[in-house]
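*Asks:* what would the 3D arrangement of this be:
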Amino acid sequence: MPTWGEIVVRAGGAPVTTPRDAARDAARDELVKADYHRHDPSIQERVVNWIMERIDDALGALAGGGTSGTTGLILFLVVALLIGAALWWRLGAPRRTARTDLGVFGGTGPRSAAQHRADAERHAAAGQWAEAVREQLRALVRGLEERTLLDPRPGRTADEAAVEAGRALPEHAAALLTAARVFDDVVYGERTADQAAYQLLRDLDRTLERARPVLVPAAGGAA
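*Replies:* All right, here's what the predicted structure looks like:
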(Lines give C-alpha, C1' and ligand atoms only; values in the text may rest on other atoms or scores of the structure.)
Protein backbone atom coordinates (compact mmCIF):
# COMPACT_ATOMS: atom_id res chain seq x y z
CA MET A 1 0.00 0.00 0.00
CA PRO A 2 1.59 3.37 -1.04
CA THR A 3 2.07 6.03 1.58
CA TRP A 4 0.28 9.43 1.63
CA GLY A 5 2.90 11.11 -0.53
CA GLU A 6 2.98 8.42 -3.21
CA ILE A 7 0.92 7.82 -6.35
CA VAL A 8 0.37 4.31 -7.64
CA VAL A 9 0.50 3.89 -11.41
CA ARG A 10 -0.24 0.45 -12.72
CA ALA A 11 1.92 -0.31 -15.70
CA GLY A 12 1.49 -3.83 -16.97
CA GLY A 13 -0.15 -4.83 -13.71
CA ALA A 14 2.80 -3.92 -11.54
CA PRO A 15 2.38 -1.02 -9.08
CA VAL A 16 4.86 1.82 -9.45
CA THR A 17 5.28 4.33 -6.68
CA THR A 18 6.15 7.97 -7.29
CA PRO A 19 7.91 9.98 -4.57
CA ARG A 20 5.90 12.71 -2.85
CA ASP A 21 7.82 15.70 -4.31
CA ALA A 22 7.70 14.37 -7.84
CA ALA A 23 3.97 13.72 -7.53
CA ARG A 24 3.36 17.24 -6.28
CA ASP A 25 5.40 18.73 -9.13
CA ALA A 26 3.56 16.63 -11.69
CA ALA A 27 0.19 17.71 -10.31
CA ARG A 28 1.21 21.39 -10.33
CA ASP A 29 2.45 21.15 -13.92
CA GLU A 30 -0.81 19.56 -14.95
CA LEU A 31 -3.02 22.12 -13.22
CA VAL A 32 -1.29 25.15 -14.74
CA LYS A 33 -2.27 24.05 -18.24
CA ALA A 34 -4.53 26.50 -20.09
CA ASP A 35 -7.37 23.96 -20.38
CA TYR A 36 -8.03 24.29 -16.66
CA HIS A 37 -8.21 28.11 -16.77
CA ARG A 38 -10.04 28.95 -19.97
CA HIS A 39 -13.11 30.08 -17.99
CA ASP A 40 -11.18 32.07 -15.37
CA PRO A 41 -12.10 35.78 -15.21
CA SER A 42 -9.73 38.20 -16.93
CA ILE A 43 -7.56 40.64 -14.99
CA GLN A 44 -9.97 43.45 -15.89
CA GLU A 45 -12.93 41.43 -14.64
CA ARG A 46 -11.12 40.62 -11.38
CA VAL A 47 -10.28 44.31 -10.81
CA VAL A 48 -13.86 45.40 -11.53
CA ASN A 49 -15.21 42.68 -9.24
CA TRP A 50 -12.86 43.83 -6.47
CA ILE A 51 -14.01 47.45 -6.91
CA MET A 52 -17.66 46.41 -6.83
CA GLU A 53 -17.05 44.42 -3.65
CA ARG A 54 -15.53 47.51 -2.01
CA ILE A 55 -18.53 49.57 -3.15
CA ASP A 56 -20.87 46.98 -1.61
CA ASP A 57 -18.90 47.11 1.64
CA ALA A 58 -19.06 50.92 1.74
CA LEU A 59 -22.79 50.98 0.96
CA GLY A 60 -23.39 48.36 3.62
CA ALA A 61 -21.57 50.51 6.17
CA LEU A 62 -23.60 53.55 5.15
CA ALA A 63 -26.85 51.64 5.52
CA GLY A 64 -25.90 50.31 8.95
CA GLY A 65 -26.51 52.25 12.10
CA GLY A 66 -24.02 53.81 14.43
CA THR A 67 -22.00 55.78 11.89
CA SER A 68 -21.27 59.43 12.60
CA GLY A 69 -21.78 62.22 10.10
CA THR A 70 -18.06 62.47 9.41
CA THR A 71 -17.70 58.72 8.93
CA GLY A 72 -20.71 58.66 6.64
CA LEU A 73 -19.28 61.49 4.54
CA ILE A 74 -15.94 59.69 4.23
CA LEU A 75 -17.67 56.49 3.19
CA PHE A 76 -19.74 58.40 0.64
CA LEU A 77 -16.58 59.89 -0.87
CA VAL A 78 -14.98 56.45 -0.97
CA VAL A 79 -18.00 55.10 -2.83
CA ALA A 80 -17.88 57.98 -5.31
CA LEU A 81 -14.17 57.42 -5.95
CA LEU A 82 -14.64 53.71 -6.45
CA ILE A 83 -17.49 54.26 -8.87
CA GLY A 84 -15.37 56.76 -10.77
CA ALA A 85 -12.46 54.32 -10.88
CA ALA A 86 -14.74 51.56 -12.17
CA LEU A 87 -16.14 53.79 -14.90
CA TRP A 88 -12.65 54.97 -15.86
CA TRP A 89 -11.45 51.35 -16.07
CA ARG A 90 -14.39 50.20 -18.18
CA LEU A 91 -14.86 53.25 -20.41
CA GLY A 92 -11.38 54.74 -20.52
CA ALA A 93 -10.30 58.35 -20.12
CA PRO A 94 -12.78 61.08 -21.01
CA ARG A 95 -12.84 61.88 -24.69
CA ARG A 96 -11.18 64.98 -25.98
CA THR A 97 -13.35 67.88 -26.97
CA ALA A 98 -15.43 66.91 -29.98
CA ARG A 99 -14.20 68.30 -33.25
CA THR A 100 -16.13 71.14 -34.75
CA ASP A 101 -17.83 70.52 -38.07
CA LEU A 102 -16.59 73.85 -39.46
CA GLY A 103 -13.39 72.29 -40.77
CA VAL A 104 -9.95 73.83 -41.17
CA PHE A 105 -11.17 77.40 -41.59
CA GLY A 106 -13.58 77.31 -38.66
CA GLY A 107 -16.27 79.42 -40.26
CA THR A 108 -13.97 82.36 -41.02
CA GLY A 109 -14.63 84.45 -44.09
CA PRO A 110 -12.78 83.79 -47.34
CA ARG A 111 -9.18 84.91 -47.11
CA SER A 112 -6.15 84.35 -49.27
CA ALA A 113 -3.21 82.13 -48.47
CA ALA A 114 -1.03 85.24 -48.21
CA GLN A 115 -3.35 86.72 -45.57
CA HIS A 116 -3.28 83.52 -43.52
CA ARG A 117 0.51 83.39 -43.78
CA ALA A 118 0.79 86.97 -42.59
CA ASP A 119 -1.43 86.21 -39.60
CA ALA A 120 0.61 83.10 -38.83
CA GLU A 121 3.85 85.09 -38.85
CA ARG A 122 2.32 87.76 -36.64
CA HIS A 123 1.19 85.18 -34.07
CA ALA A 124 4.57 83.46 -34.20
CA ALA A 125 6.39 86.74 -33.58
CA ALA A 126 4.22 87.20 -30.48
CA GLY A 127 4.91 83.64 -29.28
CA GLN A 128 1.27 82.66 -29.79
CA TRP A 129 2.10 79.25 -31.17
CA ALA A 130 -1.36 77.69 -31.15
CA GLU A 131 -2.77 80.56 -33.23
CA ALA A 132 0.30 80.45 -35.47
CA VAL A 133 -0.19 76.71 -36.11
CA ARG A 134 -3.86 77.22 -36.89
CA GLU A 135 -3.25 80.05 -39.37
CA GLN A 136 -0.28 78.32 -41.00
CA LEU A 137 -2.29 75.18 -41.75
CA ARG A 138 -5.05 77.36 -43.15
CA ALA A 139 -2.48 79.09 -45.36
CA LEU A 140 -1.23 75.72 -46.57
CA VAL A 141 -4.72 74.47 -47.48
CA ARG A 142 -5.75 77.77 -49.07
CA GLY A 143 -2.56 77.76 -51.12
CA LEU A 144 -3.43 74.31 -52.47
CA GLU A 145 -6.91 75.55 -53.33
CA GLU A 146 -5.50 78.58 -55.12
CA ARG A 147 -3.32 76.25 -57.20
CA THR A 148 -6.45 74.13 -57.94
CA LEU A 149 -4.82 71.11 -56.31
CA LEU A 150 -7.80 71.12 -53.96
CA ASP A 151 -11.34 72.12 -54.80
CA PRO A 152 -12.57 74.84 -52.41
CA ARG A 153 -14.95 73.09 -50.04
CA PRO A 154 -16.35 74.52 -46.80
CA GLY A 155 -16.11 72.20 -43.83
CA ARG A 156 -13.14 70.22 -45.11
CA THR A 157 -11.10 68.85 -42.20
CA ALA A 158 -7.33 68.88 -42.01
CA ASP A 159 -7.24 65.11 -42.43
CA GLU A 160 -9.44 65.27 -45.53
CA ALA A 161 -7.29 68.02 -47.04
CA ALA A 162 -4.14 66.00 -46.38
CA VAL A 163 -5.53 62.84 -47.99
CA GLU A 164 -6.89 64.68 -51.04
CA ALA A 165 -3.73 66.74 -51.56
CA GLY A 166 -1.60 63.64 -51.10
CA ARG A 167 -3.10 62.13 -54.24
CA ALA A 168 -1.81 65.04 -56.34
CA LEU A 169 1.45 65.33 -54.39
CA PRO A 170 2.29 61.73 -53.46
CA GLU A 171 5.89 62.56 -52.51
CA HIS A 172 4.52 64.80 -49.76
CA ALA A 173 1.56 62.64 -48.69
CA ALA A 174 3.18 61.52 -45.43
CA ALA A 175 4.25 65.07 -44.54
CA LEU A 176 0.71 66.31 -45.23
CA LEU A 177 -0.75 63.73 -42.88
CA THR A 178 1.77 64.70 -40.20
CA ALA A 179 0.82 68.36 -40.61
CA ALA A 180 -2.87 67.50 -40.26
CA ARG A 181 -2.13 65.53 -37.11
CA VAL A 182 -0.21 68.46 -35.60
CA PHE A 183 -3.11 70.80 -36.40
CA ASP A 184 -5.68 68.41 -34.87
CA ASP A 185 -3.60 67.88 -31.73
CA VAL A 186 -3.25 71.61 -31.15
CA VAL A 187 -6.71 72.80 -32.17
CA TYR A 188 -8.85 69.89 -30.95
CA GLY A 189 -6.63 67.82 -28.69
CA GLU A 190 -5.55 70.76 -26.49
CA ARG A 191 -1.91 69.89 -27.01
CA THR A 192 0.49 72.73 -26.19
CA ALA A 193 1.85 74.18 -29.42
CA ASP A 194 5.45 75.30 -29.77
CA GLN A 195 7.78 76.85 -32.29
CA ALA A 196 8.75 73.45 -33.69
CA ALA A 197 5.13 72.65 -34.59
CA TYR A 198 4.71 76.00 -36.32
CA GLN A 199 8.03 75.66 -38.14
CA LEU A 200 7.09 72.20 -39.40
CA LEU A 201 3.92 73.54 -41.03
CA ARG A 202 5.67 76.64 -42.35
CA ASP A 203 8.45 74.64 -43.97
CA LEU A 204 5.95 72.26 -45.57
CA ASP A 205 3.93 75.18 -46.90
CA ARG A 206 7.04 76.63 -48.52
CA THR A 207 7.96 73.24 -49.98
CA LEU A 208 4.50 72.65 -51.43
CA GLU A 209 4.59 76.03 -53.18
CA ARG A 210 7.38 74.63 -55.37
CA ALA A 211 6.07 71.05 -55.65
CA ARG A 212 4.82 69.82 -59.01
CA PRO A 213 1.63 67.76 -58.93
CA VAL A 214 1.34 64.27 -60.39
CA LEU A 215 -1.42 63.92 -62.93
CA VAL A 216 -3.74 61.09 -61.98
CA PRO A 217 -5.30 59.37 -65.03
CA ALA A 218 -9.06 59.34 -65.15
CA ALA A 219 -10.79 56.12 -64.20
CA GLY A 220 -11.43 53.91 -67.20
CA GLY A 221 -8.73 55.61 -69.31
CA ALA A 222 -6.23 53.85 -71.49
CA ALA A 223 -3.61 51.82 -69.66
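*Asks:* can we go C-alpha only for contacts and neighbour counts from here?
*Replies:* Fine.
*Asks:* would you map out the domains in this protein?
*Replies:* 43-91, 113-209 (automatic domain parsing).
*Asks:* single out the most deeply packed of these.
*Replies:* Most buried of the domains of the chain, by mean neighbour count (mean count of other C-alpha atoms under 10 Å): domain 113-209, with a mean of 19.
*Asks:* re earlier: now the domains of the chain in JSON lines, with distance to residue 106 and mean pLDDT?
*Replies:* Converted to JSON lines, the domains of the chain look like this (distance: least, C-alpha to C-alpha, whole Å; pLDDT from 0 to 100):
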{"stretch": "domain 43-91", "distance to residue 106": "30", "mean pLDDT": "67"}
{"stretch": "domain 113-209", "distance to residue 106": "8", "mean pLDDT": "93"}
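*Asks:* save these as a markdown table, and put in distance to residue 104 too.
*Replies:* Output for the domains of the chain, formatted as a markdown table (distance: least, C-alpha to C-alpha, whole Å):
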| stretch | distance to residue 104 |
| --- | --- |
| domain 43-91 | 30 |
| domain 113-209 | 5 |
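*Asks:* show me the one of these that comes nearest residue 103.
*Replies:* Closest approach to residue 103 among the domains of the chain (C-alpha to C-alpha): domain 113-209, 4.1 Å.
*Asks:* end-to-end on the closest one?
*Replies:* Using C-alpha to C-alpha, to the nearest Å, the end-to-end distance of domain 113-209 comes to 11 Å.
*Asks:* where exactly do the strands run in this structure?
*Replies:* With DSSP state E as the criterion, the chain has strands at 7-11, 14-18.
*Asks:* which one of those strands has the lowest average pLDDT?
*Replies:* Among those, strand 7-11 has the lowest mean pLDDT, at a mean of 48.
*Asks:* which non-adjacent residue is nearest residue 195?
*Replies:* Spatially, and ignoring its direct neighbours in sequence, residue 195 is nearest to residue 129 (6.3 Å; C-alpha to C-alpha, 6 or more residues apart in numbering).
*Asks:* who are the contact partners of that neighbour?
*Replies:* Residue 129 makes contact with 123, 193-195, 198, according to C-alpha atoms under 8 Å, 6 or more residues apart in numbering.
*Asks:* just those residues: which are in helices?
*Replies:* Within the contacts of residue 129, residues falling in helices by DSSP state H are 123, 195, 198.
*Asks:* can you pull the contacts of the second one?
*Replies:* Shown here is residue 195, whose contacts under the criterion C-alpha under 8 Å, 6+ apart are 124, 127, 129.
*Asks:* please convert these to CSV, extending it with distance to residue 78.
*Replies:* Listed next are these as CSV, based on distance: C-alpha to C-alpha, whole Å:
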residue, distance to residue 78
124, 47
127, 44
129, 42
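*Asks:* ok, the residues you listed vs residue 50, which is closest?
*Replies:* The nearest member of the contacts of residue 195 to residue 50, counting by C-alpha to C-alpha, is residue 129 at 45.7 Å.
*Asks:* could you measure from the closest one over to residue 192?
*Replies:* In terms of C-alpha to C-alpha, residue 129 sits 8 Å off from residue 192.
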